[in-house]
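S.K.: build me a structure from this.
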Amino acid sequence: MTAATAERFDAVFAALSDPTRRSIVRRLADGEATVLELAEPFPISLPAVSRHLKVLEQAGLISRSRDGQRRPCRLRPEPLVEIAAWAEHTRAAWEQRLDRLDVHLRATANPSTSSPPHQESP
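M.R.: I've put the predicted structure just below:
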């Protein structure tokens, strides 16, 4: 993993560490929404929601555009796809390691019958 990729991942994980921001991401997965629409379910002020959106935007998880008077927020799935690919790669690597460990443990617990048994001399 490059330093730039690690920095992007750090920003995404930091942004997603907050439950309010995770809820906003889940909501935006259903489609674009304005700040007012996103703020509706939360008992926090609009400026607080805007600060959460700024963190998500800086992490590359959302984008905001201007549509006349509206400024809708949209989910950008690319960072999540990149992290999902990294997580899958890491999972597969660990699965291979654990499979090799399992084979080794089974081999040492049940010695192979391919080698001749030890016979004592008369």
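S.K.: show me the shaky parts of this protein.
M.R.: Applying pLDDT under 70 to the chain picks out residues 112-122.
S.K.: roughly how far is the longest helix seen in it from the heart of the chain?
M.R.: The longest helix of the chain (DSSP state H) is helix 78-109. On the basis of Cα atoms, centre = their mean, to the nearest Å, helix 78-109 sits 16 Å off its chain's mean C-alpha point.
S.K.: centre-most residue in this structure?
M.R.: residue 83 (4.8 Å; Cα atoms, centre = their mean).
S.K.: next one: that residue from residue 9, what distance?
M.R.: As judged by Cβ to Cβ, to the nearest Å, residue 83 and residue 9 stand 6 Å apart. For glycine as for every other residue, the C-beta is placed from the backbone atoms N, C-alpha and C.
S.K.: over to residue 21?
M.R.: Residue 21 is 16 Å from residue 9, where distance means Cβ to Cβ.
S.K.: the more surrounded of those two?
M.R.: Taking neighbours as other Cβ atoms under 10 Å, residue 21 and residue 9 compare with residue 21 leading, 21 against 16.
S.K.: which residues sit against the host helix or strand of that one?
M.R.: For residue 21, the host element (DSSP states H and E) is helix 19-29. When contacts are defined by Cβ atoms under 8 Å, 6 or more residues apart in numbering, helix 19-29 is touched by residues 15-16, 33, 38, 41-42, 44, 49, 52-53, 55-56, 61-62, 73-75.
S.K.: using ChimeraX, make a named selection holding only the buried ones among those.
M.R.: In ChimeraX, a selection of the buried entries from these looks like this (16 or more other Cβ atoms under 10 Å):
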select :15,16,33,38,49,52,53,55,56,61,62,73,75
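S.K.: so which residues make contact with the helix or strand harbouring residue 52?
M.R.: For residue 52, the host element (DSSP H and E) is helix 46-58. If you take Cβ under 8 Å, 6+ apart as the criterion, helix 46-58 is touched by 11, 14-15, 18, 20-21, 24-25, 35-36, 38-39, 42, 62-64, 73.
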